[in-house]
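> I need the structure of the sequence given here:
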Amino acid sequence: PTMACQVLIAPPRPGEPLPEVGDRMEVSGDTLAISSEVAKHVARCGGAALAIDYGLDGPSGDSVRGIRKHGFESILDDPGHVDISALVDFRAMKYVATVHNNVEATGPVGQGEFLRNLGMEARLAALIREVRDEAQAEELMAAFERLVSPEQMGTSYKVCAFGSKALFPMAGFE
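Predicted structure coming up:
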């Protein structure tokens, strides 16, 4: 990794190997700067921040991809019409956030686990009791499955939070 990557990435966990020359690492300086600014605000004013995206609890090395119409494409296939995306490094986000006094971080956990921990199944049951017909109930069930199912968004999307230490443990991460 370049010197910039060594400075920008979060330190490896105990027992984790250090990056070696030739390793690929994607580092988003903007993500780290924004996380730091939000954490600075949280340290000064209180509160919390919640990040939901697809990513890893550590750096990735080859996740840049094009996305169009909910599918993956080459970023070069149709420039200007394909969104460019990459995995979020939640560990680096937490690392820069917790440098600030009185800020703690948690996660990431899968989106499905997070939503279930918050009681999404009970909320779904309450909504289904109020629907007018079977089609509405099926729409609600399909939306629920899309958000929490491991085959859909339930594990590929992750949830991470940082906030004032007084707010911990945070709901959804138990």
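
> excluding residues flanking it in the chain, which one is nearest residue 159?
Using C-beta to C-beta, 6 or more residues apart in numbering and skipping residues adjacent in sequence, the residue nearest residue 159 is residue 114, 4.2 Å away. Where C-beta positions appear, they are placed from N, C-alpha and C, glycine not excepted.

> that neighbour: helix or strand, and which one exactly?
Assigned by DSSP states H and E, residue 114 belongs to helix 111-117.

> again with residue 146
In this assignment (DSSP H and E), residue 146 forms part of helix 134-148.

> other residues contacting that helix?
111-112, 115-116, 120-121, 124, 127-128, 131, 152-154 (C-beta atoms under 8 Å, 6 or more residues apart in numbering).

> give me that answer again for 10 Å
110-116, 120-121, 123-125, 127-131, 149, 151-155, 157 (C-beta atoms under 10 Å, 6 or more residues apart in numbering).

> buried subset of those residues as a ChimeraX selection?
To isolate the buried ones among these in ChimeraX, judged by 16 or more other C-beta atoms under 10 Å, type:
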select :110,111,112,113,114,115,116,120,124,153,154,155,157
